[in-house]
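**Q** Sharing a model that was predicted from the sequence below.
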Amino acid sequence: MIQFNAADLVWLLPEIILFVTASAVVLLSVIVRPEARSGLAALAVIGALAAGWAAYGLSDGNVELFSRMVIVDPFATYFRYLFVLAVLGGVLLSVRTLQTEGGNRSEYYGLMLFAAIGMMVMAEAGDLLMVYIGLELMSLSLYILAGFYRRETRSNEAAIKYFILGTLASGIFVYGLSLLYGLTGTTSIRAIGEIVSAGGLSRPALVLALAMVGTAFAFKVAAVPFHMWTPDVYEGAPTPVTAFMSVGPKAAGFAVFLRVFLEAFPAAQPDWNNLVIVLSILTMAVGNIIAIAQTSVKRMLAYSSIGHAGYILIGLVGGTAVGAGAVLFYLLMYTITNLGAFGILVVLQREKGRVETLDDFAGLGKTHPAAALGMLIFLFSLTGIPPMAGFFGKFYLFTAAVKAGYVWLAVLGVLMSAVSAFYYLRVVLAMYMQEPAAAGAGEPMSQPSAVLAVTIAAFLTVGIGILLNPLLSLAAASLPKM
Amino acid sequence: MTDLIQPIFQTAAWVVIYAFVPSFIVMNAVLIAGAFLTYVERKVIGHIQQRPGPNRVGPLGLLQPLADGIKLLTKEDIIPAQADRFVFVIAPFLSLVPVIMAYAVIPWGEPTTLMGVLPWLRVFDGWGYIPAAWNPFPLVPEKATLVISNLNIGVLYILGMSGLSAYGIILAGWGSNSKYALLGGLRSAAQVISYEIAMGLAIVGTLMLAGSLSLVDIVRAQESSFWYVLAQPLGFLIFFISGIAETNRAPFDLPEAESEIVAGFHTEYSGMRFAFFFMAEYGAMVIISAMASILYLGGWLPLQLPIPSALPAIGSTLAVTDGAVRAVNGALMAVPPIVWMLSKIGFFLFVYIWLRATFPRLRYDQLMHLGWKVMLPLGLANIFVTGLVILVKG
Amino acid sequence: MNLDQAFFLYFAAMIVVFSIVTITRKNPVYAVMALLVVFFHVAGLYVLLNAEFIAALQVVVYAGAILVLYLFVLMLLSVPREALGAAAHRRWPVYALVGGATTFEIALLLARSKFAPRPGPYPPDVVREMGSTQAIGTVLFTEFLYPFEVISLVLLVAMIGAIVLTKKWTPAQGGEEGR
Amino acid sequence: MTIPLSWVLALSAVVFGIGVIGLLTRRNILILLMSLELILNAANINLVAFSNHLHSMRGNVIVVFTIAVAAAEAAVGLAILLALFRNRRTVNLDEVREMKG
């Protein structure tokens, strides 16, 4: 029996705030005149900030609610911050492009907020069912967002591909969930952990269930060989959505990865460890190597984000606390940097036509020095050049791998970073060494909100060194229970 | 060997006694009733419009349905050359079968001994002619409930079956490979789906009061309290209006709007296949009427007048004594339950026909507006208020 | 073999056969009809497994709503009949073979695995006694209250999404997409 | 008088497999969506069977949720398909190949 206590709802305040804001945005978008709809973006931003503030207010919580369905602990709080960041970035980047390309239908912001709720539900899940429902809430919102520019065929294509493969992933997840339920008689993550630790379960079935659940997560974080949707979807979706999609769902995917694998299956660690290693190597290799061949910067960033999933997977190898902490820290760095990198693509967008190919970046250093500098910062950070944020992230990830006894894996990670430098620097070369292409392509349109978001991201990326210690201790304090 | 045969034999006996015989009776009764409903409809509308209606075949034209049936049976069976044969042929069945299946959970009256037949069957039991293991008769109860199967999810079952009616319609439209048929099919399917939601929501109020999904239990619950039409007037209205729309009857018979899209989804059908759609429509009307009776008018329960002295506020102003009312109630009680049930159904069927003769057809957007923007919110409000009342009353 | 098992075999055979029919039909209309048969037999299977509420849900939601939606969209698309049947993948025999082998292996693995019963509070007799509707309702609105609330968000998002993606678009009104 | 659990599991695995094979071999998006429904149904069969086997209601309740999710997915998937069809006039995934790389 449940002990329902209205006071428990306080712990869900961030989600409730987001939900109220999202509903208000969706309802108002029917009423408000088209020219006033950017005001709804402001409303969404305020809602997200309020949710972040509420999450901060609840940051000392460590409770289990509603028959263990929800766990609000420092781990969940950390991810709440992360998702608030992601949704803030997504909304700020969208304002102008939505008006020009997206038909100016502001349900968009509502869907983004709903997606953020889904991510939070995933990160807070105390039960595999909640993981599934959160996953669906997030994914459904994102399918719609990916296809939001419905008159653009690329957007349609991205949506349908994302939908089919995403739904397959969630189908596989439910199947795995059903097997776990059959094996343990429960779906509560902690209870599964206790029963698995006690042993005596049929091993092949357990491994199969693990593989299926893991496959679904691998789909969501775009790990090779479950990445085939990523490039097309990232390229075809509206750029602000891509920015959001490349950080939010990835962080959410890793959140449940950590929660489920470290809390429910530490006992089965030998079974999944090797799988994670293989996944990590493949992901790094395929993501980084195929990225080299790309001429579209957007698609290159898509492959690079696959590669980054590979680095993060290193942190999971061994299932150590240090590794988990490094993953948390890296996700923050990655979120800021990747939002910024895609943000530059948005900022450069012209009234007609996107800016995506390498040629578009030629001579950018001369024509738009500020944007070029921003891009330079983000690319350096993605490569992992000090003192950018990405460097610290990678540093702690690889250190964790070394500490866990996987020196060779860390070396491989560094090597792959070197490979990635090649294609990142190609953009930098194009920006500063090449002559600008013939004029006439038009000027980028003015997008104050997107510029604001990118500027903040740039400052954070560069200046993260100053905040290093508090952030590290925050990540360290936010580990899942192990 | 007997391990296998005996249970199979007993199950077979069970299936025959409990499923086959009642199903056979109900199915045929429904089909015949449906046929005569067409006669009644024409007669009633005729009188409303001051015409005699059918009056040539048999006394008062009573044999008209028979003549119609013979005509439809002997008519040439046409399948359009461009039609998708398989879909075209199967659609009428898909339309009729769910309707007939829905009758499986409709209770028609109190448990009865079937005028003493059942106890008599049990007599065989003691004679010892049949080895005990092979004897199907111990399965025969003292009294049979007048329902083929008292499912504990009866209401959901009916909703499921009514949801399936969309298939027959939509596939008939598609299979005919004709514009009018397709448009009619789409309209009709959209209508059926839209109004099914409102209907489901309307029923929820009743379910909350009765605390059961079994139709028999819902009637029983009304026996111990009062007819739910008193507690759920809004739900009743929503249910019945949605029911009319669900069965594609006037004033919601857009799928068949002759002036716009010929005869809708069954434009291309003739002969017996056409008759199937017709029977499905009338069968569905009876189902909706039966559901309305069961959910809101106490099913087979007799009408009982309130005793004046039990109503202190108005009782004294009435010029009737308790004794008179009790006498009337007693007389009403004496009427067999099944007659009550059938007359309630008949009442609703009459309302159906009456509405058809009275109201002009709605436009399609009006229909959708009514379904989604009036019925649906009202249905939700009804649930909300009902829940609130139950909560307050404890 | 007893009667339940005989029923199970019938349901299983129909489910498998019509699942195969579903994925092999050229014309999606036929696939929908085959899938309808599958859903019905799955519902029958649920009744055998003491879950008549789920069986009703299966018919009402899957057969009565989801599949009708498929059929509806199929009609709305008004795809020319010739273009309806998109061909199979070029290498389909390979996929089918690999998929079949894997399926067989998984089926074998699952059938051989031991799933020890951990008797909970709802043995079949109890469920039959109280009715699966009540049993499910009791658990759904107590232990599963929170997911029940969150699932409503999922449905809300689906609703918004379906409207946003398909609502008729009219040519530019004031330079923007009309509503 | 019960059905062996292993039979049901084998059945669900086969249905799951048929769904996956359909997903791999067919190119018609509508049939792909139907294959996804098969996969979900396989999982549901498992859950109901385990629920019966474990004497717990949890599996049945989860099925209520998966069915709701399936409805939501169908709505969104078909909406996306409609939007795609309006632009491209095709339901063949192979013809939806604008992006390469």
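**A** Perfect, thanks for sending it. Numbering: from 1, shown residues only, chains lettered A, B, ... in the order given.

**Q** what about the helix ranked longest in chain D, near chain A?
**A** Criterion DSSP state H: the longest helix present in chain D is helix D:58-88. Yes - residues of helix D:58-88 are located near chain A by CB under 8 Å from any CB of the partner chain, namely D:58-59, D:62, D:65-66, D:69, D:72-73, D:76-77, D:79-81, D:83-84, D:86-88. Yep, even glycine has a C-beta here, placed from its N, CA and C like the rest.

**Q** Pull out the buried residues from the helix or strand where residue B:69 lies.
**A** Assigned by DSSP states H and E, residue B:69 falls within helix B:64-74. For helix B:64-74, a neighbour-count test (16 or more other CB atoms under 10 Å in any protein chain shown) marks B:64, B:65, B:68, B:69, B:72 as buried.

**Q** give me the low-pLDDT residue ranges for the stretch 201-350 of chain B?
**A** Residues of the stretch 201-350 of chain B that meet the criterion pLDDT under 70 lie in B:255-263, B:312-318.

**Q** List the contacts of the residue lying closest to residue B:335 once chain neighbours are set aside.
**A** Residue nearest to residue B:335 in three dimensions, not counting chain neighbours: residue B:302, with 6.0 Å by CB to CB, 6 or more residues apart in numbering or on different chains. Residue B:302 makes contact with B:332, B:333, B:335, B:337, B:340, according to CB atoms under 8 Å, 6 or more residues apart in numbering or on different chains.

**Q** Can you classify the residue of the stretch 51-200 of chain A found nearest chain C by secondary structure?
**A** Among the residues of the stretch 51-200 of chain A, residue A:103 lies closest to chain C, at 3.2 Å counting by CB to the nearest CB. Assigned by DSSP: H, G, I helix; E, B strand; the rest coil, the conformation of residue A:103 is coil.

**Q** okay, residue 7: pLDDT?
**A** If you meant another chain, say so; for now it's chain A. What the model reports for residue A:7 is a pLDDT of 81.

**Q** my bad, the chain I had in mind was chain C
**A** Residue C:7 carries a pLDDT value of 89.

**Q** For the nearest residue to residue A:65 once chain neighbours are set aside, list the residues it contacts.
**A** The spatially closest residue to residue A:65, leaving aside those adjacent along the chain, is residue A:8, at 4.9 Å (CB to CB, 6+ apart). Residues near residue A:8 by CB under 8 Å, 6+ apart: A:63, A:65, A:66.

**Q** that's a helix at residue A:8, yeah?
**A** Yes - assessed with three-state DSSP, residue A:8 lies in a helix.

**Q** Just give me the neighbour total for residue A:308.
**A** Residue A:308 sits with 30 neighbouring residues when counted by other CB atoms under 10 Å in any protein chain shown.

**Q** And residue B:196, by the same measure?
**A** 23.

**Q** That one against residue B:162, yeah?
**A** Yes - using CB atoms under 8 Å as the test, residue B:196 is close enough to residue B:162 to be in contact (6.3 Å).

**Q** picking that back up, buried subset of the residues of helix D:58-88 next to chain A, written for PyMOL?
**A** Buried members of the residues of helix D:58-88 next to chain A, defined by 16+ other CB under 10 Å, are picked up in PyMOL with:
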select buried, chain D and resi 58+59+62+65+66+69+72+73+76+77+79+80+81+83+84+86+87+88
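
**Q** With adjacent residues omitted, what lies nearest to residue B:100?
**A** Nearest residue to residue B:100 in three dimensions, chain neighbours excluded: residue B:27, at 5.7 Å (CB to CB, 6+ apart).
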